[in-house]
Structure formats: C-alpha cells, structure tokens
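Trainee: following is a predicted model, sequence given first.
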Amino acid sequence: GGGGGAIELSAVGAVNLLGGSILADGGNVQNTTETGGGGSGGAIIIYAGSSVNIGSGTLSAMGGGGNAQSTYYNGGGGGGRIAVYGTGAPVTVPGSIDGGIGSTGGGALGTNGTIGTYNAYAAVTF
C-alpha cells in the first residue's frame, strides 16, 4: 500500500481541532494476489503560537494492513509520527499510530509509531 504522506499545520495563535479528523494513514494491501506490504503511516506536525486544543478531534498516522486474507507474507506498515508544539498546559493527543496488521500467510505486524507533545520553545531533536 501507499505511504501516508505528511501534513503540517502552522498557526500564529491557538489551534482548535474541536471535531473531525486529520489523517495520514498508510494504505492497505488491496487484494489477495498483491505481494507488497502495507504502507507506512505518515507524519502529522502541528505548530501553534499559543495553546493547542484537540477536543473531540482525532489525529491518525496508522500503518496500512497487509491484507489479512492473503496467503502471501504481506507485512503491515509501520505507524507514523504525530508531533504537537504549543505553549501552556500539556495537551492530550487522541491519536492513532498503530502499525498495520500482517497477512494470515505469515506477514509481520508493523511496529507502532510515536506521539509527542512539546513546548513550542523547547529544543527538540527528531
């Protein structure tokens, strides 16, 4: 499957995701005769000049699945990366960065990705 790509959201002030979803999920293996693996999860990065409020929104950078019905060794794609930079109180990020499932033919699970929240002025190394 295809990779999840990258999404960057930058704001001078606050970021409020009060509903809805921001998705950078990897693609699944499409059929039982495809021999590739699931696509890796992409990246979501949010920069806010002040606070970040995720609310009931969802961020997702999950790895794609290896088609559970396939007899090939379709591995799942690895989970992606979600990073949120803001100021003020730490924010809880309701996100999904799980690795994709493997096929029943013996494909491995994709490894999970990472979620991080950071003070906007802290030095961060990826």
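Mentor: Looks like it came in fine.
Trainee: now for the helix or strand of the chain with the lowest mean pLDDT, which elements pack on it?
Mentor: For the chain, using mean pLDDT, DSSP states H and E, the weakest element among its helices and strands is strand 95-96, scoring a mean of 78. Here strand 95-96 touches strand 58-60, going by 3 or more Cβ pairs under 8 Å, 6 or more residues apart in numbering; DSSP states H and E. C-beta coordinates here come from the backbone N, C-alpha and C atoms, glycine included.
Trainee: residues contacting the next helix or strand after the strand it packs on, please?
Mentor: Moving toward the C-terminus from strand 58-60, the next helix or strand (DSSP states H and E) is strand 81-86. Contacts to strand 81-86, defined as Cβ atoms under 8 Å, 6 or more residues apart in numbering, come from residues 15, 41, 43-48, 50-52, 54, 59, 61, 91, 93, 95, 97, 113-120, 124, 126.
Trainee: these in strands, which ones?
Mentor: 15, 43-48, 52, 59, 95, 114-119 (DSSP state E).
Trainee: so which one among those residues has the lowest pLDDT?
Mentor: Ranked by pLDDT, the ones in strands among the contacts of strand 81-86 bottom out at Gly95, which has 75.
Trainee: can you list the low-confidence ranges for this protein?
Mentor: Within the chain, the ranges that satisfy pLDDT under 70 run 32, 34, 68-71, 88-92, 104-105, 120-126.
Trainee: in stretch 62-80, which residues are buried?
Mentor: For stretch 62-80, burial by neighbour count (16 or more other Cβ atoms under 10 Å) applies to 62-68, 70, 72, 74-80.
Trainee: sorry, wrong one. I was asking about stretch 107-116.
Mentor: Under the neighbour-count criterion of 16+ other Cβ under 10 Å, stretch 107-116 has Gly107, Ala108, Leu109, Gly110, Asn112, Gly113, Ile115 buried.
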